[in-house]
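Q: Next come a sequence and a model predicted from it.
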Amino acid sequence: MGLRKWNGTQRHKMDKKKKKALVIGGATLLLLIGLSIGAGLYMLDFSLRPVNRGKDMEGSMAYMRQTYPHIVPWIDSLTRCQALRDTFITAPDGIRMHAFYVRAPQPTAHTAVIVHGYTDNAIRMFHIGYLYNRSLGCNILLPDLRYAGLTEGNAIQMGWLDRKDVMQWIDVAPRIFGDSIRTVVHGISMGAATTMMLSGETLPDYVRCFVEDCGYTSVWAQFEKELKNLFHLPAFPLLYVTEWICQLQNGWDFHEASALNQIKKCHKPMFFIHGDKDDFVPTEMVYQLYEAKPQPKVLWIVPETDHAHSYRNHPKEYTEKVKAFVMPYLSDETKIGN
């Protein structure tokens, strides 16, 4: 009888210890989950809602005037003649989107849709606008992507949702410049990723070719690289949690936002440009992209150039190479690719 009582007491003590261990384990797990979600929310805000120079229109114009003084007379001339114009459209989800446009000096079908990069805006692409409008005699359309310039939105979309917005601008372009347009899409950095992402979609025949300048392979690859470089952290678990939160908040995840996958479906011509000293979007990414893209394609590795400064460092050569690649396709009326 005494032995049974002792055994019962011991089992009771062991059960209490197990319950305590389970409670502590459960509380620890909940704490870790809470910390992971909190860290994921921070990382998503850090990535998609950064301090955003793209909302500073005056500062952006001052930067362009200082950095690219040779385009200042062109900007001033457009302003005096009221040739730099604004237009607005509304996305299917109700976001009001803005773009600048300029008609060519002489009537032409040649048109460029120019897409800006991360924390930039349309104004910060005026040097590429100058290239196409002043140097090549094209119509130009420069959208502000979401959360940039005069376009609404509460977060940067890293090109994936932006590809649909740029497709909407492509649909609008004939109403601005005429039904017979032939168009190149030219993007830099995140704008280049946007360009590659939309290149895998079904586009109108008048989209003739693409120029991507220092775009990344995928949002996952770019964020994984930044997480390691800035915070010295591996992808697991933080990037996975951040991706999950992004899916809940924005409707897309980092893996599906892949320029690399999209360009595999693109059979229209693409010009790849990348600086050989780029450590923000590593130069090695362009080789993966170029290899994945079906012909026709051209690659230019720009010497002694870091991220997004190929035109700034080599304006004459950049203009000549873009002209040599783009203009034959804009001048050719036959259908190209799909």
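A: Looks like it arrived, so ask away.

Q: how about the strands in the stretch 51-200 of the chain?
A: 85-90, 96-102, 110-115, 139-143, 182-188 (DSSP state E, counting those that start in this stretch).

Q: Need the ones you listed in a markdown table (columns: mean neighbour count and distance to residue 194).
A: All C-beta atoms are positioned from the backbone trio N, CA, C, and that covers glycine. Shown next, in a markdown table, are those (neighbours: other Cβ atoms under 10 Å; distance: least, Cβ to Cβ, whole Å):
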| stretch | mean neighbour count | distance to residue 194 |
| --- | --- | --- |
| strand 85-90 | 13 | 17 |
| strand 96-102 | 22 | 13 |
| strand 110-115 | 28 | 5 |
| strand 139-143 | 28 | 10 |
| strand 182-188 | 27 | 5 |
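
Q: could those be laid out in CSV, adding mean pLDDT and distance to residue 149?
A: Shown next, in CSV, are the strands of the stretch 51-200 of the chain (pLDDT from 0 to 100; distance: least, Cβ to Cβ, whole Å):
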stretch, mean pLDDT, distance to residue 149
strand 85-90, 98, 10
strand 96-102, 98, 6
strand 110-115, 98, 12
strand 139-143, 98, 8
strand 182-188, 98, 15
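
Q: Make JSON lines from these and add distance to residue 210 to it.
A: Below are the strands of the stretch 51-200 of the chain laid out as JSON lines (distance: least, Cβ to Cβ, whole Å):
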{"stretch": "strand 85-90", "distance to residue 210": "22"}
{"stretch": "strand 96-102", "distance to residue 210": "18"}
{"stretch": "strand 110-115", "distance to residue 210": "10"}
{"stretch": "strand 139-143", "distance to residue 210": "15"}
{"stretch": "strand 182-188", "distance to residue 210": "5"}
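
Q: Looking at those strands, which is nearest to residue 315?
A: strand 182-188 (13.9 Å; Cβ to Cβ).

Q: Can you give the contact residues for the closest one?
A: Strand 182-188 is touched from outside by 109-117, 125, 128, 132, 166, 170, 173, 193-196, 198-199, 206-215, 308, 322, 326, 329-331, 333, with contacts defined as Cβ atoms under 8 Å, 6 or more residues apart in numbering.

Q: hmm, try it at 7 Å
A: The contact list for strand 182-188 (Cβ atoms under 7 Å, 6 or more residues apart in numbering) reads 109-117, 125, 128, 170, 173, 194-195, 206-215, 308, 326, 330.

Q: May I have it as PDB, with CA atoms only?
A: The C-alpha coordinates for strand 182-188 follow below in PDB (Å, rounded to 0.1, in the frame of the first residue of the first chain):
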ATOM      1  CA  ARG A 182       6.900  51.200 -82.100                       C
ATOM      2  CA  THR A 183       8.300  51.000 -78.600                       C
ATOM      3  CA  VAL A 184      11.300  50.100 -76.600                       C
ATOM      4  CA  VAL A 185      11.100  49.600 -72.800                       C
ATOM      5  CA  HIS A 186      14.300  50.800 -71.000                       C
ATOM      6  CA  GLY A 187      14.800  50.300 -67.200                       C
ATOM      7  CA  ILE A 188      17.600  50.800 -64.800                       C
END
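
Q: strand partners of that strand, parallel vs antiparallel please.
A: Applying DSSP bridges to the sheet, strand 182-188 is found paired with strand 110-115 (parallel), strand 207-213 (parallel).

Q: per-residue pLDDT, residue 338?
A: Residue 338 is assigned 62 on the pLDDT scale.

Q: For the strand or helix carrying residue 230, name the packing helices and strands.
A: Taking DSSP states H and E as the definition, residue 230 sits inside helix 219-231. Judged by 3 or more Cβ pairs under 7 Å, 6 or more residues apart in numbering; DSSP states H and E, the packing partners of helix 219-231 are helix 238-250.

Q: Run through who's touching the following helix or strand past the helix it packs on.
A: Next along the chain after helix 238-250, taking DSSP H and E as the criterion, comes helix 259-263. Helix 259-263 is touched from outside by 193, 196-197, 199-200, 215-218, 288-289, 292-293, with contacts defined as Cβ under 7 Å, 6+ apart.

Q: could you redo the last one with a cut-off of 6 Å?
A: Residues from elsewhere that reach helix 259-263, judged by Cβ atoms under 6 Å, 6 or more residues apart in numbering: 193, 196, 197, 199, 200, 215, 217, 218, 292, 293.
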